[in-house]
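In: sharing a sequence plus its predicted fold:
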Amino acid sequence: MISIKPNPSITIFRETAAFTVDGMTIPYAEFVPRLYNLCIQLGFRKKLIMPSRAFCSDENQGIPIILLTKHFGIFPFNHGRVGGMIAVDRHAPHASHGEDSVIVQASHVGYDHISGVYGTFRRSRMEKKNISVSCGKLSHVITPYMEQYQFARDRIFLSRSDSGVYLIAVKNSFIDFSTHPVKNGLVLRLENIVKISENFSIRPAGATSTMQSFEVSEEFINRMALTDYKWKSGNGECIGNYLTEDLFFFREDFHETDESILLERNIIDFMPRIVTSRNPLLRAAKINIQNEFVRGVESIHRGTEYSGKNLLYIAGLNIDISEHADYPATTYFVPWAAHIQLKERSLNDFRYPVEQKALFDLLMEQSTRNPDETDLKKEIKRMLKAPRFDIRSPE
């Protein structure tokens, strides 16, 4: 009789694709006419295109909206929620407002062109031109995790005992004990750090009132040696920046209770990567864009709202640069991916999304001159010259 041993549990990790910013930025004043010309090249019809935007509600997203209005000749439909999320329940009204449909979805992040640091924006309507986080919602979502990470890196210690044993001391609240697992908070991946016995158990080398000490593995010692780390005796020192993304995860009940819970869901699996980044808000925005594009495309495939229509759904990153010297605030677009469907061509023509490099090249092939752009000043003057209507209520 053949004895079949059960397979050990398999852990499937989720990964993101490489999201390039360098060399991929397009000023909005150039991006929007290129986008319009791409639509025309694809067969979209002049005067019948209904644009839509899924942007955050911040004031620094205003110029992109104005440019969409100028080049598509009509104010874009609002497809967005805070954080640059796409409201998939608005597909139907958007689809019914135009023969051909365009969706531009983007999270946003501020950029200081002098320091090269991401995440802040100068508020021009504040008396003292205050500098604050560029996307308050994105910052609000990741802040509790940032605080937990900062707390943990200062309360996990590396040391070398008098007998030459390399140790890590960990607060009990960071350890997933078999009898008392962490319910909410940061969980240390001890299996990536300490020695594991032959029966696959992890036992402490010592304990104090609030901490457990473990002997680290040979692999971890070698890893630290590659950084030229010098182990300290006695109580050692806190792990600090050596608490890298692969050494912990978060087990959390979601903090958000409103629509922005979608934003937290998009990035929770990658939160260790976000909180350990030099630019957490940039990293969070890039990850959110990727996962939101997947959700948006899935909602289009599963729904019928855009069936039989020309549709271009493009996702990317809006980079906001504050006003400086004599120059106004400006926004750049970094394309990520696009979903295209055309009513006059086979669905197989664009069966797969257009990925970042191909999308960038496709946009850059287009002219920045739009012969169909609207003169907004002229349109406003026409409105002012229109006859006044005698509007009355029938009641």
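Out: That came through, no problem. Numbers count the residues shown, from 1 in each chain.
In: the host helix or strand of Val102 - what's its average pLDDT?
Out: Using DSSP states H and E, the element containing Val102 is strand 100-110. Mean pLDDT, computed over strand 100-110, is 96.
In: when you give positions from now on, start the count at 19
Out: Let's use 19 as the start, then, which means that last one is strand 118-128.
In: can I get it in PDB, CA atoms only?
Out: The C-alpha trace of strand 118-128 is given here as PDB (Å, rounded to 0.1, in the frame of the first residue of the first chain):
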ATOM      1  CA  ASP A 118     -17.300  57.100 -27.000                       C
ATOM      2  CA  SER A 119     -15.900  56.900 -23.500                       C
ATOM      3  CA  VAL A 120     -12.500  57.800 -22.000                       C
ATOM      4  CA  ILE A 121     -11.500  57.300 -18.300                       C
ATOM      5  CA  VAL A 122      -8.400  58.800 -16.800                       C
ATOM      6  CA  GLN A 123      -7.700  57.400 -13.300                       C
ATOM      7  CA  ALA A 124      -4.800  58.500 -11.200                       C
ATOM      8  CA  SER A 125      -3.600  58.700  -7.600                       C
ATOM      9  CA  HIS A 126      -1.400  61.700  -6.900                       C
ATOM     10  CA  VAL A 127       1.700  62.600  -4.900                       C
ATOM     11  CA  GLY A 128       3.600  65.800  -4.400                       C
END
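In: packing partners of it?
Out: Helices and strands touching strand 118-128, by 3 or more Cβ pairs under 8 Å, 6 or more residues apart in numbering; DSSP states H and E, are helix 46-60, strand 67-72, helix 80-90, helix 109-113, helix 298-320, strand 329-339. In this view, the C-beta of every residue, glycine as well, is placed from N, C-alpha and C.
In: parallel or antiparallel, list what pairs with the helix or strand following that strand.
Out: Next along the chain after strand 118-128, taking DSSP H and E as the criterion, comes strand 138-140. In the sheet, strand 138-140 lines up against strand 149-151 (antiparallel) (DSSP bridges).
In: list the buried residues for the strand it pairs with?
Out: Val151 (16 or more other Cβ atoms under 10 Å).
In: now whatever helix or strand comes next after that strand: average pLDDT?
Out: As assigned by DSSP H and E, the chain's next helix or strand after strand 149-151 is helix 154-171. In this model, helix 154-171 has an average pLDDT of 94.
In: any idea how far helix 154-171 is from the middle of the chain?
Out: Here the centre of mass of C-alpha atoms in helix 154-171, compared against the chain's by Cα atoms, centre = their mean, to the nearest Å, lies 15 Å away.
In: just want the angle from that helix to helix 298-320.
Out: Between helix 154-171 and helix 298-320, the angle comes out at 120 degrees (axes from the mean of the first three to the mean of the last three Cα atoms, to 10 degrees).
In: for the stretch 169-318 of the chain, which segments count as strands?
Out: Along the stretch 169-318 of the chain, counting by DSSP state E, counting those that start in this stretch, strands occupy 174-178, 184-189, 203-206, 224-225, 229-233, 255-256, 266-269.
In: got a markdown table for these, with distance to Arg140 and mean pLDDT too?
Out: Shown next, in a markdown table, are the strands of the stretch 169-318 of the chain (distance: least, Cβ to Cβ, whole Å; pLDDT from 0 to 100):
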| stretch | distance to Arg140 | mean pLDDT |
| --- | --- | --- |
| strand 174-178 | 37 | 97 |
| strand 184-189 | 39 | 97 |
| strand 203-206 | 33 | 96 |
| strand 224-225 | 51 | 92 |
| strand 229-233 | 44 | 96 |
| strand 255-256 | 35 | 97 |
| strand 266-269 | 32 | 94 |
